[in-house]
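**Student:** Coordinates for the following, if possible.
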Amino acid sequence: MDKGRINMLKMVQQEIKNVTPSVYAAIAIGLVEEYGWDENQVHDLFSYTQSLWSACAEKNISMRQWCLDLTGIEVQGFVAEKAKAGK
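**Tutor:** Okay, here's the model as predicted:
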């Protein structure tokens, strides 16, 4: 693999490390403010989601596809762009 590609992968991994905690923080805030969940309930949910990630890795399936198949919810990667486009 060339050096440029390696550097790009490192940048993507760093961005994931930065974004993922923010996504979990937003979910925690929403659950507490909107549904009145307490800290233990949020923690239990987050712990459960970790087991889902493990299941995806073990079964070699996409989390987004599993979500669509199970819930009918299609999670998109470019939410901000869709919002700007008025979709």
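**Student:** tell me the strands in this protein, going along the chain?
**Tutor:** Taking DSSP state E, the chain contains no strands at all.
**Student:** By average pLDDT, which secondary structure element in it comes out worst?
**Tutor:** Each helix and strand of the chain was given a mean pLDDT (mean pLDDT, DSSP states H and E); the minimum falls on helix 79-84 at a mean of 52.
**Student:** how about low-confidence regions in the protein?
**Tutor:** When residues are selected by pLDDT under 70, those of the chain lie in 78-87.
**Student:** for the lengthiest helix in it, packing partners?
**Tutor:** Using DSSP state H to define each element, the chain has its longest helix at helix 3-35. Secondary-structure packing of helix 3-35 (3 or more CB pairs under 8 Å, 6 or more residues apart in numbering; DSSP states H and E): helix 39-59. Using the backbone N, CA and C atoms, a C-beta is placed for each residue, glycine as well.
**Student:** send the alpha carbons of the helix it packs on over as CSV?
**Tutor:** The C-alpha coordinates for helix 39-59 follow below in CSV (Å, rounded to 0.1, in the frame of the first residue of the first chain):
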residue,chain,number,x,y,z
GLU,A,39,-27.4,7.2,33.7
ASN,A,40,-27.7,3.4,34.3
GLN,A,41,-30.3,2.9,31.5
VAL,A,42,-28.1,4.8,29.0
HIS,A,43,-25.0,2.8,30.1
ASP,A,44,-26.9,-0.5,29.8
LEU,A,45,-28.0,0.5,26.3
PHE,A,46,-24.5,1.4,25.3
SER,A,47,-23.2,-1.8,26.7
TYR,A,48,-25.8,-3.7,24.7
THR,A,49,-24.8,-1.9,21.5
GLN,A,50,-21.2,-3.1,22.0
SER,A,51,-22.5,-6.7,21.8
LEU,A,52,-24.3,-5.8,18.6
TRP,A,53,-21.0,-4.5,17.1
SER,A,54,-19.4,-7.8,18.1
ALA,A,55,-22.2,-9.8,16.5
CYS,A,56,-21.8,-7.9,13.3
ALA,A,57,-18.1,-8.6,13.2
GLU,A,58,-18.6,-12.3,14.0
LYS,A,59,-21.4,-12.7,11.3
